[in-house]
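Asks: Kindly return the folded structure for what I paste below:
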Amino acid sequence: MNPVTTVTGTAYPWGAKNVDTDVIIPAHWLKTVTREGLGRGAFETVRAQPGNLFDDERFAGSPILIAGDNFGCGSSREHAAWALGDMGITAVIAPSFSDIFSGNAFKNGIVPVVLPQEAVDRLLEVARTDPITVDLETMTVTTPFQDRFEFALDPFRRQCLMEGLDEVGLTLARDTAISNYEAGVMQHRPWMAGERANAGIAVEGTGRT
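Replies: Numbering: from 1, shown residues only. The predicted structure follows:
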């Protein structure tokens, strides 16, 4: 997972409410065994409409999506976060998120920014013509017009995003502690380590190993 400290650029000024995961990535795209290419299926039903926002050249490749209340509701499919990431989206701004989607976004390097509706409305207006910045250092969303909106994020999740640590990365970061623990188990409680660890231990009273 790539570290995220600042996300700056154009933003999709969508603002739609109650966008469920089936809208983000339709079910027939879930047959894939890889995350790559899911961006092509993102918002497929929306893109089927002429003149839709996601195919507007002004916003092509935008790293930020501005949405409405309850973004990511519906099924728990992690593919929704994968699809947004494959589109190049690194931050989603909305008044609220589905809890499951918010967790999936965090695990995949996407910043879920919760702001009041008034702030979202202002950002929707700015995004039509100018870039927006999401800064995890200062925990703010800013615009070229001196708008500054503060947001909150769980400190642990913020640290993981800024250091690029997903669940695998967190485990690898504890590799030394894990190895030391396993070595201690092998030495002091070999019976807990299974047959391989016990293979070299003499069987009491037999003189055999």
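Asks: Where in the protein is the helix or strand with the lowest mean pLDDT?
Replies: In the chain, no helix or strand scores lower on mean pLDDT, DSSP states H and E than helix 195-198, which sits at a mean of 51.
Asks: Distance check, the residue most central in space within the chain against L65.
Replies: Centroid-nearest residue in the chain, with C-alpha atoms, centre = their mean: A105, separated by 2.6 Å. Taking C-beta to C-beta, to the nearest Å as the measure, A105 falls 11 Å from L65. Placement of C-beta: from N, CA and C, glycine included.
Asks: and for the two, which residues touch both?
Replies: By C-beta atoms under 8 Å, 6 or more residues apart in numbering, A105 and L65 have these common neighbours: L84, V92.
Asks: still on that earlier bit, the helix or strand hosting the residue nearest to the centre of the chain - what's its average pLDDT?
Replies: Assigned by DSSP states H and E, A105 belongs to helix 99-107. Averaged across helix 99-107, the pLDDT comes to 96.
Asks: Give me the next element, helix or strand, following it.
Replies: strand 111-114.
Asks: Could you check that following strand and say which residues are buried?
Replies: Using 16 or more other C-beta atoms under 10 Å as the test for burial, strand 111-114 gives V111, P112, V113, V114.
Asks: Thank you kindly, that will do.
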